[in-house]
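J.: Sequence plus the predicted model coming up.
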Amino acid sequence: MTEYAYRLDFKVRDYECDLEGIVNNAVYMNYLEHTRHEYFHTIGVDFSELAKNGVNLIVIRAEMDYKSSLRSGDSFWVGLRTERESRLKFVFVQDIYRAGDDRPVMKARITGTAVNEKGRPFIPDEVERAFGLK
């Protein structure tokens, strides 16, 4: 199993499931985003403070491979690690596993960057330091 910089535990709620009784595909994006935001807090990056200062962290690409389905009441966890893709891009490698048997549910690569108040991409120093990219 991959080594992760961060791990967050969840439990599927009834309203996240579709008529087939499985988690709706769009809900997985919420799980991934919530994990990224919680990770930011643990490494000292204040997402809202960056936005107040004209720095917006944005997703520019999302790749998700669904491996198996989650159902209401399932416990699961999301693992996260970061990679530098280029001078202006970073990647969150995020995987979802069902708790108990660690069955793979999803493999995801979320590519992001930051844009300044003029909409130009850049990676702020505090983000580079926090992610260990610099």
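T.: Received it, and whenever you're ready, just let me know what you need. Numbers count the residues shown, from 1 in each chain.

J.: Can you point out the buried residues in whichever strand or helix holds residue 105?
T.: Using DSSP states H and E, residue 105 maps to strand 103-115. The neighbour-count check on strand 103-115 (16 or more other CB atoms under 10 Å) flags 105-106, 108-115 as buried. C-beta here means a position set from N, CA and C on the backbone, and glycine is covered the same way.

J.: what's that strand packed up against?
T.: helix 27-42, strand 56-66, strand 89-98, strand 121-122 (3 or more CB pairs under 8 Å, 6 or more residues apart in numbering; DSSP states H and E).

J.: how far away is residue 106 from residue 67?
T.: The gap separating residue 106 from residue 67 is 6 Å, by CB to CB, to the nearest Å.

J.: picking that back up, do you know which of the helices and strands packed on strand 103-115 lies nearest residue 130?
T.: Closest of the helices and strands packed on strand 103-115 to residue 130 is helix 27-42, at 7.9 Å (criterion: CB to CB).

J.: Other residues contacting the closest one?
T.: The contact list for helix 27-42, computed with CB atoms under 8 Å, 6 or more residues apart in numbering, reads 5-6, 8, 10, 16, 46-47, 62, 64, 66, 78, 80, 92, 94, 96, 106, 108, 110, 130.
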